[in-house]
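S.K.: Sharing a model prediction with you, sequence too.
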Amino acid sequence: MELKKVKYQELRNYVSGPIIWAMIVPIILCDACVEIYHRICFPLYGIAYVKRTHYIRVLDRQKLPYLKWYEKINCMYCGYANGWFHYASVIAGKTESYFCAIAHLEVRGYIPTEHEKSFVKYGDEAALRRRYDLYDIEYGKEK
């Protein structure tokens, strides 16, 4: 490998590493807030809890003997951070499914989430009213 390329890669790691690792603070704060919301609000509406262990994996990659110690720490970070974003996305999706469930207007380039595929079509008021009736939701009903 060319010496110039190696120096660039090292510099890139020194510059980006602290920024990447600093993100752990807001992720942990958001994790605490989402978990409080999840544990308090989901039971109030009868929404099933989302299991953290289905989304967040931290220690499985530590068993790989070919990883260096610092690579294992980086894997723990990625397992937590990416797993938490997925976990939080599922919680947000279940919330959206319960309260809204209206698909977004289909426009070029928009990629709907997996949970949005079960939503009523944009502009279909009758389907939305049937969905509210199905789940006995007061929100959105005419008085």
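M.R.: Here it is on my side, so go on. Numbers count the residues shown, from 1 in each chain.
S.K.: got the contact list for Val120?
M.R.: Shown here is Val120, whose contacts under the criterion CB atoms under 8 Å, 6 or more residues apart in numbering are Ala101, Ile102, Ala103, Ala127, Leu128, Arg131. Backbone N, C-alpha and C define where each C-beta goes, glycine included.
S.K.: Around the first one, how many other residues sit close by?
M.R.: The number of residues packed near Ala101 is 19, by other CB atoms under 10 Å.
S.K.: Ok, the fifth one next?
M.R.: Burial measure for Leu128: 18 neighbouring residues, criterion other CB under 10 Å.
S.K.: Secondary structure class of Arg57, three-state.
M.R.: Three states are possible here, and by DSSP: H, G, I helix; E, B strand; the rest coil the one that applies to Arg57 is coil.
S.K.: Can you give the contact residues for the helix or strand where Ile19 lies?
M.R.: Assigned by DSSP states H and E, Ile19 belongs to helix 3-22. Counting by CB under 8 Å, 6+ apart, the neighbours of helix 3-22 from elsewhere in the structure are Tyr77.
S.K.: Just the mean pLDDT for that helix, thanks.
M.R.: The predicted model assigns helix 3-22 a mean pLDDT of 87.
S.K.: can you check stretch 111-120 too?
M.R.: Across stretch 111-120, the average pLDDT comes to 87.
S.K.: ok, now stretch 31-45?
M.R.: If you average the pLDDT over stretch 31-45, you get 97.
S.K.: Please state the offset of that stretch from the chain centre?
M.R.: For stretch 31-45, the distance from its own C-alpha centre to the chain's C-alpha centre is 14 Å (CA atoms, centre = their mean, to the nearest Å).
S.K.: again, but for stretch 19-29
M.R.: Distance, centroid of stretch 19-29 to centroid of chain: 15 Å (CA atoms, centre = their mean).
S.K.: Okay, now it: how far is its last residue from its first?
M.R.: 17 Å (CA to CA, to the nearest Å).
S.K.: so what does the longest helix anywhere in the chain touch, helix or strand wise?
M.R.: Residue-count comparison of every helix in the chain, with assignments taken from DSSP state H, identifies helix 69-99 as the longest. In this structure, helix 69-99 makes packing contacts with helix 24-45, judged by 3 or more CB pairs under 8 Å, 6 or more residues apart in numbering; DSSP states H and E.
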